[in-house]
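any chance you could fold what I've pasted below:
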Amino acid sequence: MIDWGPWAEFAARSAATAFIVVFAGLAASRLGPKIGGVVIGLPIVLAPGFFFMMREHPADFVAASAAGAIHSLAATQVFLGAFIVASTRLGAWDATAAAIAAWCVVAMPLAFVPHDPLVGTGVFALATLAARKVGGTFLTILPQPPAPARWRLMVLRGLAAGLLVGGVTFAASRLGASIAGLLIAFPVGFCVILLSLRLDHGPDLAARTAHAGLLGVMSLVGFCLALALLSLPIGKWPAFGIALAVSVAITLALSSLARPRPT
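Here you go, the predicted model:
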């Protein structure tokens, strides 16, 4: 008899990733890169991964994985900064490959250090400040008008990203808490979204979305920090609910700040 449980988990994780890739890509192309970059920070990829992990592992494993994910998100800021710089000098695929390489250089050593969530948050803050300062110097001065979305390509790329994340997060919980957190927070959604924007709309829109995404990732850190700090004191499921609320609140606040003001 076939056990459909693992396949249902894989499908849910894949569908969640595909949704956020398509939705964030649409937001960036229609509403502008500032809103698109912030929307990417919603934990629609991380939350399903941790949800299914929590069904299989105790609270201490979940807390340790969330702490590891915070360190991985610090490497994500390096990924975004490297993409901004590389996108102005390289083609779409080469710029994405360079950003992934930058993530690996930073994330791999962080996988083997103690994963204190507060220390990880501090490292994330430093990485964010540095990436925004460096990346901001490579942005063009004039904003670009909203670009039309190419639905067929966007959906296909979203499905591809969903399959990749489904496989990675499905295997992550079987590799230990530190590696699980590292892999679950790998920026595959950013890879697909920024690559799609770079191919379809050029380097400016992709770079601006990546620069806004540096703030959007704060929502993911809020989610992981709440999960890491609260899973043991109050239980993993109440902590999961609070983590989701914190993440959505951060995204709404950032979206309000990014919305154009009437003159």
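
any idea of the mean pLDDT in stretch 211-222?
Averaged across stretch 211-222, the pLDDT comes to 90.

actually stretch 191-206, not the one I typed
The average pLDDT for stretch 191-206 rounds to 80.

return the set of buried residues in that stretch.
191-201, 203-206 (16 or more other C-beta atoms under 10 Å). Just so you know, the C-beta spots here come from the backbone N, C-alpha and C atoms, and that holds for glycine as well.

for Thr121, give me its contacts.
By C-beta atoms under 8 Å, 6 or more residues apart in numbering, the contact list for Thr121 reads 70, 221, 225.

what number of residues lie near the last one?
So that's Leu225. 23 (other C-beta atoms under 10 Å).

next secondary structure after the helix or strand hosting it?
Assigned by DSSP states H and E, Leu225 belongs to helix 203-234. Using DSSP H and E, the helix or strand that follows helix 203-234 in sequence is helix 236-258.

contact partners of that following helix?
Residues from elsewhere that reach helix 236-258 (C-beta under 8 Å, 6+ apart): 34-35, 37-39, 41-43, 47, 50-51, 54, 58-59, 62-63, 66, 212, 215-216, 218-220, 222-227, 229-231, 234.

pull out the buried residues from those residues.
By neighbour count, with 16+ other C-beta under 10 Å, the contacts of helix 236-258 hold 34-35, 37-39, 41-43, 47, 50-51, 54, 59, 62-63, 66, 212, 215-216, 218-220, 222-227, 229-231 as buried.

what angle do the helix holding Leu225 and helix 236-258 make?
If you take axes from the mean of the first three to the mean of the last three C-alpha atoms, to 10 degrees, helix 203-234 sits at 150 degrees to helix 236-258.

just checking, what packs against helix 203-234?
If contacts are counted by 3 or more C-beta pairs under 8 Å, 6 or more residues apart in numbering; DSSP states H and E, helix 203-234 sits against helix 5-31, helix 33-39, helix 46-56, helix 59-87, helix 117-136, helix 188-201, helix 236-258.

go again using 7 Å as the cut-off
Under the contact definition 3 or more C-beta pairs under 7 Å, 6 or more residues apart in numbering; DSSP states H and E, helix 203-234 sits against helix 33-39, helix 46-56, helix 59-87, helix 117-136, helix 188-201, helix 236-258.

which helices and strands sit right next to the third one?
Spelled out, that is helix 59-87. For helix 59-87, the packing partners by 3+ C-beta pairs under 7 Å, 6+ apart come out as helix 46-56, helix 92-110, helix 117-136, helix 177-184, helix 188-201, helix 203-234.

will you turn those into JSON lines that also has distance to Val78?
Output for the helices and strands packed on helix 59-87, formatted as JSON lines (distance: least, C-beta to C-beta, whole Å):
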{"stretch": "helix 46-56", "distance to Val78": "18"}
{"stretch": "helix 92-110", "distance to Val78": "5"}
{"stretch": "helix 117-136", "distance to Val78": "6"}
{"stretch": "helix 177-184", "distance to Val78": "14"}
{"stretch": "helix 188-201", "distance to Val78": "12"}
{"stretch": "helix 203-234", "distance to Val78": "10"}
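
quick one: contacts for the nearest residue to Ile84 once chain neighbours are set aside?
Using C-beta to C-beta, 6 or more residues apart in numbering and skipping residues adjacent in sequence, the residue nearest Ile84 is Gly135, 3.8 Å away. Applying C-beta atoms under 7 Å, 6 or more residues apart in numbering to Gly135 gives the contacts 81, 84-85, 211, 214.

of the residues you listed, which pair is most distant in space?
Greatest spatial distance among those (C-beta to C-beta): Val85 and Leu214, at 12.8 Å.

run through the stretch 101-250 of the chain and note the low-pLDDT ranges.
Residue ranges of the stretch 101-250 of the chain with pLDDT under 70: 140-184.

give me that answer again for 80
Applying pLDDT under 80 to the stretch 101-250 of the chain picks out residues 111-112, 139-193, 196-197, 200-201.
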